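# Just to be clear, the model below is a prediction. Sequence and coordinates:
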Amino acid sequence: MDKIALTAGALYAIVLLRAGGTFAVGWLAGAGARRSRFAERISSAKFQRVERAIQRWGAPVVAVSFLTVGFQTAANFLAGTMRMPLPRYLPALFAGGAAWALIYATVGVGVLEAVGRLFAERTALGVSAVTVLLLTVCGVVVYRRRRTALSRRDSLAGGS
């Protein structure tokens, strides 16, 4: 249990710094956009309505974003650019970050222990499992790149 608590604590500190930093960068980017040529668009009534909605209801979205993969950075950045007030953002950051840290600590420690046991007891099976995993990941990457290249080529051929 101490291993999980220590891991969760370290992950919690990391996620608070990372997500809080992403929020701060978003805040600065939003400030810069408000002073740029986009200032006219940002000050429109529609944009301000969206900004008020995010300021009011965005905290649950930020908190839940920590349970997703790939969405949490965007949610924290957008919360910053939309100037979500800190009294709404910080509780979402603390709650969502805690959930993220606990999930990754428990699952992460469990997976590492299982992999360690597998390699210690059945080395050949462990090496085979890692090899299959790596080949699968490589296959998926190659498949997606080819599919993207084909769709780009088709869209260029069809657009002429």
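That came through, no problem.

# where along this protein do the helices fall?
With helices called from DSSP state H, the chain shows them at 2-34, 39-42, 45-65, 72-81, 86-121, 123-159.

# I'd like these written out as TSV, with mean pLDDT and mean neighbour count added.
In this view, the C-beta of every residue, glycine as well, is placed from N, C-alpha and C. As requested, the helices of the chain are exported to TSV (pLDDT from 0 to 100; neighbours: other C-beta atoms under 10 Å):
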stretch	mean pLDDT	mean neighbour count
helix 2-34	91	15
helix 39-42	66	12
helix 45-65	76	15
helix 72-81	86	21
helix 86-121	91	15
helix 123-159	87	10
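
# What distance do you get for residue 146 to residue 70?
22 Å (C-beta to C-beta, to the nearest Å).

# likewise residue 26?
Residue 26 is 16 Å from residue 70, by C-beta to C-beta.

# Tell me which residues touch the closest residue to residue 20 other than its chain neighbours, please.
Leaving aside its sequence neighbours, residue 20 sits nearest to residue 93 (C-beta to C-beta, 6 or more residues apart in numbering; 6.4 Å). Contacts were defined as C-beta atoms under 8 Å, 6 or more residues apart in numbering; by that measure residue 93 touches 16, 19, 20, 23, 62, 63, 76.

# quick one: which of those residues is nearest residue 101?
Minimum distance to residue 101 across the contacts of residue 93 is 8.9 Å, recorded for residue 16 (C-beta to C-beta).

# Make sure the closest one is actually in contact with residue 97.
Yes: applying C-beta atoms under 8 Å, one finds residue 16 in contact with residue 97, separated by 5.4 Å.

# Confirm for me that residue 11 is in contact with residue 107.
No: with contact defined as C-beta under 8 Å, residue 11 does not count as touching residue 107 (11.1 Å).

# could you measure residue 62 against residue 34, distance?
Counting by C-beta to C-beta - residue 62 and residue 34 are separated by 21 Å.

# my bad, should have said residue 76
Taking C-beta to C-beta, one finds residue 76 at 19 Å from residue 34.
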